[in-house]
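Colleague: how would this look folded up:
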Amino acid sequence: MSRRSGILEFAVLGLLRESPMHGYELRKRLNTSLGVFRAFSYGTLYPCLKTLVANGWLIEESGSTPEDALTATLAGRRAKIVYRLTAEGKDHFEELLAQTGPDAYEDEHFAARFAFFGQTSRDVRMRVLEGRRSRLEERLEKMRASLARTRERLDDYTLELQRHGMESVEREVRWLNELIESERAGRDVKRLATDGSAQQDNTSGETGGLPRHRDSPRPDPSDDTAT
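Modeller: Sure, this is the predicted structure:
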């Protein structure tokens with residue numbers, strides 16, 4: 001199984017864990033919720049679904065009433081098929097969520113993994129985030145070394161493109177640093193709250209410690225120093 005098809009199977013299982021869907025709805029969710037799958041067509045999706053059904057991870061059900069099914073048959077159309085995750089499929093998805101190998105740090109796979117962080121344990125989220133950061137820091141170091149060697153031979157536009165690429169990686173590293181710090185803060189706060197020595201705040205909880213932007217305190221009108 002190729003890496004790309006493996007990412008698609010992971011995403012399909014994750015979406016169907018939320019609710020059963022038919023092929024059209026599933027492809028729409030893949031395109032809109034997970035931008036990495038915008039290029040996927042029905043010709044790619046349906047073979048993936050057939051493989052998952054054959055593995056026992058999905059089942060096919062009729063998504064139409066008997067009347068709708070009869071109408072579709074008379075009109076020469078296929079009745080809608082709804083795909084539902086099986087118990088074995090759920091267990092398999094749980095296994096995939098727990099994996100933190102090098103593939104989880106690559107561009108497309110990381111995007112898919114991050115989309116399902118709400119269903120992922122905190123420890124696994126931390127390993128994936130830290131692995132992704134290490135991978136990008138390695139990439140950034142290579143980009144800087146390459147630019148230092150070739151700077152004098154590059155025209156202005158190629159040089160600007162190189163700089164743009166480096167800035168994009170640097171921005172993602174900063175973003176990952178924020179996420180990692182928030183995850184750590186959420187875990188520490190939850191542990192302290194369990195011990196009864198602190199109160200749990202908005203960065204803790206099973207859904208993760210995503211950075212939350214709090215409103216700035218409004219000045220007190222009675223305060224002479226407020227402007």
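
Colleague: if you count contacts, what does the top helix by length along the chain end up packed against?
Modeller: Assignment by DSSP state H gives helix 156-195 as the longest helix of the chain. If contacts are counted by 3 or more Cβ pairs under 8 Å, 6 or more residues apart in numbering; DSSP states H and E, helix 156-195 sits against helix 122-150. In short, each C-beta sits where N, CA and C put it, glycine included.

Colleague: domain ranges for this protein, per the record?
Modeller: Following automatic domain parsing, the chain resolves into domains at 3-100, 121-195.

Colleague: tell me, how many residues neighbour Asp155?
Modeller: Residues contacting Asp155 under the criterion other Cβ atoms under 10 Å number 8.

Colleague: average pLDDT for stretch 21-39, rounded please.
Modeller: Across stretch 21-39, the average pLDDT comes to 80.

Colleague: now it: how far from the chain's centre is it?
Modeller: Chain-centre distance of stretch 21-39: 13 Å, with Cα atoms, centre = their mean, to the nearest Å.

Colleague: need the contact partners of that stretch.
Modeller: Contacts with stretch 21-39, where a contact means Cβ atoms under 8 Å, 6 or more residues apart in numbering, come from 7-8, 11-12, 15-16, 40, 42, 45-46, 49, 63, 80-83, 108, 111-112, 115.

Colleague: inside helices: which ones of those residues?
Modeller: Those of those mapping onto helices are 7-8, 11-12, 15-16, 42, 45-46, 49, 108, 111-112, 115, per DSSP H.

Colleague: so which of those sits lowest on pLDDT?
Modeller: Ranked by pLDDT, these bottom out at Tyr42, which has 74.

Colleague: residues touching it, list them.
Modeller: Contacts for Tyr42 (Cβ under 8 Å, 6+ apart) come out as Gly23, Arg27.
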